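Undergrad: the following block contains a protein sequence and its predicted model.
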Amino acid sequence: MRKALIGLAALAILGVLGFLALTSPSAYRLIRPEPAAAAGRAPDVENGRILFFAGGCTSCHAVPNQADKLRLGGGYALKSPFGTFHVPNISPHKQDGIGSWTAADFVRAMREGVSPDGRHYYPAFPYASYQRMSPEDLGDLFAFMQTLPAVEGRAPGHDLPFPFNIRRGVGLWKLAFLDGQVFRPDPSKPATWNRGAYLVNGPGHCAECHSERNFAGGIVEDRRFAGGPDPEGGRGTVPNITPHQSGIGGWSPEEVATLLKTGETPNFDTVGGPMGAVVANTAQLPDADRQAMAEYLLSLPPRVGFKKPE
């Protein structure tokens, strides 16, 4: 009996040690090496501005109910099936935002979902998409964000039930859904297609809302871009953006680009809800970037759109 108890205790200890090892942010870095960045490169703030609007940072991080969307004090309550996340302050405020971060801190947060003090960020922050961005582009984005107004104040903590309130468990999620790969251009495709693929899959993180997810919150790959349930738990659905007849099939590249600029659809409707905030950002992009995103989206495999169970 005593030997059995000792054996069980040993297994429990090994289990805890294994959990701590697998979920450590440091362990993730060992498994997914950091991509090399160009040494001594000065950041391109204008490129950072474009990436900022491609990423739609204001959609979640602007202080709610204020006119100036460049005040990124956070506070928005993002509801999800896992609980409510309160979006943090990412303004350059030294104490309450990211003003005391280094560029390396920012790149690690965007690529690995790890804070400067070594904690996992929850994947409500879509770093599974941002990891596709190059270190140089992330450096440019950080440089632009440092030019924005510093906003005082911190958002409240997240409101998550057990077991999702065990932040360390996010490490297991990352092992399953965060591959650490930077976007690689397809040499068989035109430069415009590759630009669109980069913007859609990286900073634009379009699949994060326009896809179905599994029980763990990971994107179901064969449903990527085919729409899904409202990620905030509402009764609506998120549209299919593949070129299927239930999505954007039959649209021209110009019509997709127009939607990204004005929010107007080919059938004289206008996008609403969270997509309105997305369009407010994509409207700031160069025409060539919106056209590139349209070219890429219309090249996706057509998929039947998500239909909510009745």
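TA: Arrived safely, thanks for sending.
Undergrad: what residues are up against the residue nearest to the spatial centre of the chain?
TA: Nearest to the mean C-alpha position of the chain, by Cα atoms, centre = their mean, lies P126 at 2.2 Å. Shown in contact with P126 (Cβ atoms under 8 Å, 6 or more residues apart in numbering): H205, E208. To be clear about C-beta, it is placed using only N, CA and C from the backbone, and glycine gets the same treatment.
Undergrad: mind naming the longest helix for the protein?
TA: helix 2-22 (DSSP state H).
Undergrad: would you pull up how far the helix or strand following it lies from the middle of the chain?
TA: Of the helices and strands lying after helix 2-22 in sequence (DSSP states H and E), the nearest is helix 25-31. Offset of helix 25-31 from its chain centre (Cα atoms, centre = their mean, to the nearest Å): 20 Å.
Undergrad: now helix 25-31: buried residues?
TA: Neighbour-count burial for helix 25-31, counted by 16 or more other Cβ atoms under 10 Å, picks out P25, Y28.
Undergrad: name the residues that touch that helix?
TA: A21, E112, V114, G118, R119, H120, G171, K174, L175, L178, G180.
Undergrad: wait, doesn't D140 sit right on R41?
TA: No: counting by Cβ atoms under 8 Å, D140 stays clear of R41, with 9.3 Å between them.
Undergrad: related to what we said a few turns ago, now do the residue nearest to the centre of the chain against E208, distance only.
TA: 4 Å (Cβ to Cβ, to the nearest Å).
Undergrad: repeat that for V63.
TA: Relative to E208, and taking Cβ to Cβ, V63 is found at 22 Å.
Undergrad: send me stretch 156-176 as PDB with only the CA atoms.
TA: Provided in PDB are the C-alpha atoms of stretch 156-176 (Å, rounded to 0.1, in the frame of the first residue of the first chain):
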ATOM      1  CA  PRO A 156      -9.700  45.600 -15.600                       C
ATOM      2  CA  GLY A 157      -8.600  42.000 -15.500                       C
ATOM      3  CA  HIS A 158     -10.100  39.300 -17.600                       C
ATOM      4  CA  ASP A 159     -13.300  37.600 -16.300                       C
ATOM      5  CA  LEU A 160     -12.700  34.000 -17.100                       C
ATOM      6  CA  PRO A 161     -14.100  30.800 -15.400                       C
ATOM      7  CA  PHE A 162     -12.000  27.800 -14.400                       C
ATOM      8  CA  PRO A 163     -10.000  26.300 -16.100                       C
ATOM      9  CA  PHE A 164      -9.500  29.200 -18.600                       C
ATOM     10  CA  ASN A 165      -8.300  31.400 -15.800                       C
ATOM     11  CA  ILE A 166      -5.200  29.300 -15.500                       C
ATOM     12  CA  ARG A 167      -3.100  31.400 -17.800                       C
ATOM     13  CA  ARG A 168      -0.200  28.900 -17.800                       C
ATOM     14  CA  GLY A 169      -2.500  26.500 -19.700                       C
ATOM     15  CA  VAL A 170      -2.200  28.800 -22.800                       C
ATOM     16  CA  GLY A 171       1.200  27.200 -23.300                       C
ATOM     17  CA  LEU A 172      -0.500  24.000 -24.400                       C
ATOM     18  CA  TRP A 173      -2.700  25.900 -26.800                       C
ATOM     19  CA  LYS A 174       0.400  27.400 -28.400                       C
ATOM     20  CA  LEU A 175       2.000  24.000 -28.900                       C
ATOM     21  CA  ALA A 176      -1.100  23.000 -30.900                       C
END
